[in-house]
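Asks: Kindly return the folded structure for what I paste below:
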Amino acid sequence: MKTPRQAARQRRRRQRLMLGTTVGLTAVGVLAYLVMGLLPDRKTDVAPAAATPAASAQVRAGNAADKDTPSATPTATGTSTPTADASTAAARPSAKVTPRPSRTASTAAPSTGRIRPGATYRGVATAYEAGDGNGACLFGPSSDLMIAAMNTTDYETSRACGAYVRVRAANGASITVRITNECPLPCAPGQLDLSQQAFAKLAPLKVGRIPITWSLLSPHTSDTISIRYKTGSNPYWCGIQAIGHRNPVARLEVRTGNGWRQLPRTDYNYFISADGRGCGSAIRLTDIYGEQLAISGIALRPNVVQPTQVQFARH
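Replies: Numbers count the residues shown, from 1 in each chain. Next up is the predicted model:
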């Protein structure tokens, strides 16, 4: 038989056990609540994870475009500002041209440089004595003196050589001239130094200086392109020049054992192979519209104009 003291002791033991159990359960509940609160929300985690690959792809695409597509916009310091929208100046191969055996269509037009198809430029015209028609482009003497010297900025390391441009004066008169020379400073961007014969068709020579607009032209011609190796060319070094092209030449390449090799251009309008690789082999020309002409059978004969049977398409 339990004494009153023993009964009281058992009651106190049961109370402590029940209190401990309650505290333990409460602590477990609080801990579970804290753990659930610290777990990341699955809904907020899914969206960034799904967006990450798309953002990375855009960055890569942007970098590739910056690398592969040179800018064709004239520098901000130039005053030869095209009045046409930049979108009209994009150079593309003509879809109407049927390639001949020696002609291939480029998948992407090269950079057109400062002088762009479809753009109109503003500047002034002056006059100079053209002599026999030869100039910085080193095309040689010419019986046709409807020629001009391009300002240094738009000459752009001879990229303008051979370009045909339509020149218009404020009085409505217009002429077509071929770029054969460079007009050094102080000729400003947009300026054309016309032969006296060409200037006289726009205004009296005594005027000396007139405002003009001008734009690139792809004229009708029955001539074909010729190739000339520079004096001193040999199997170990050579300079190559294209003459009589309808459209400005953007690139010249030579065939080597490793494929086509692009040659750097000089300000005197020759493309140079400094180590002789490709000298005397097949030549490939690309105009600013992206059309390519492959020419073979040109011998390594210095300072000899060798005609071909090809010409760039008219645009």
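Asks: Thr152 - nearest residue in space that isn't next to it in sequence?
Replies: Distances taken as C-beta to C-beta, 6 or more residues apart in numbering place Pro184 nearest to Thr152, at 5.5 Å, with adjacent residues excluded. (Each C-beta comes from the backbone N, C-alpha and C, glycine too.)
Asks: Can you list the low-confidence ranges for the stretch 151-300 of the chain?
Replies: Judged against pLDDT under 70, the stretch 151-300 of the chain has no low-scoring part.
Asks: Pretty sure the residue nearest to Thr152 sits against Met150.
Replies: No - at 10.5 Å, Pro184 and Met150 do not qualify as touching, with contact defined as C-beta atoms under 8 Å.
Asks: Between those two, point out the one with more neighbours.
Replies: The neighbour comparison of Pro184 against Met150 (other C-beta atoms under 10 Å) goes to Met150, with 32 against 12.
Asks: got a pLDDT number for that one?
Replies: Looking at Met150, its pLDDT is 98.
Asks: so what's it up against?
Replies: Residues in contact with Met150 (C-beta atoms under 8 Å, 6 or more residues apart in numbering) are Ala160, Ala163, Ile179, Asn181, Glu182, Cys183, Leu192.
Asks: Serialize the residues you listed to CSV and add fields for secondary structure, distance to Gln306 and neighbour count.
Replies: Output for these, formatted as CSV (DSSP: H, G, I helix; E, B strand; the rest coil; distance: C-beta to C-beta, whole Å; neighbours: other C-beta atoms under 10 Å):
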residue, secondary structure, distance to Gln306, neighbour count
Ala160, coil, 24, 26
Ala163, coil, 22, 25
Ile179, strand, 23, 27
Asn181, strand, 24, 24
Glu182, strand, 25, 24
Cys183, strand, 30, 24
Leu192, strand, 31, 26
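Asks: Those: which two are farthest apart?
Replies: Ala163 and Cys183 (13.8 Å; C-beta to C-beta).
Asks: Which residues does Pro302 form beta bridges with?
Replies: Going by DSSP bridges, Pro302 is paired in beta bridges with Tyr229.
Asks: how far away is it from Thr231?
Replies: 5 Å (C-beta to C-beta, to the nearest Å).
Asks: Return the residues in contact with Pro235.
Replies: With contact set as C-beta under 8 Å, 6+ apart, Pro235 has these partners: Gly276, Cys279, Gly280, Leu300.
Asks: Tell me how many other residues surround the third one.
Replies: Gly280 sits with 19 neighbouring residues when counted by other C-beta under 10 Å.
Asks: repeat for His220
Replies: Number of residues near His220 (other C-beta under 10 Å) recorded here: 7.
Asks: which ones are touching it?
Replies: By C-beta under 8 Å, 6+ apart, the contact set of His220 is Arg314.
Asks: pLDDT at Thr120, what is it?
Replies: 97.
Asks: now do Gly113
Replies: Gly113 is given a pLDDT of 85.
Asks: what's the spacing between it and Val207?
Replies: Distance of Gly113 to Val207, computed by C-beta to C-beta: 31 Å.
Asks: same check, this time on Leu194
Replies: In this view, Leu194 and Val207 are 12 Å apart by C-beta to C-beta.
Asks: These two: who's more crowded?
Replies: Set Leu194 next to Val207 and count neighbours by other C-beta under 10 Å: Leu194 wins out with 26 against 13.
Asks: Check the secondary structure at the closest residue in space to the more buried one that isn't next to it in sequence for me.
Replies: Distances taken as C-beta to C-beta, 6+ apart place Ala148 nearest to Leu194, at 4.8 Å, with adjacent residues excluded. The three-state label given to Ala148 by DSSP: H, G, I helix; E, B strand; the rest coil is strand.
Asks: Cool, thanks, talk later.
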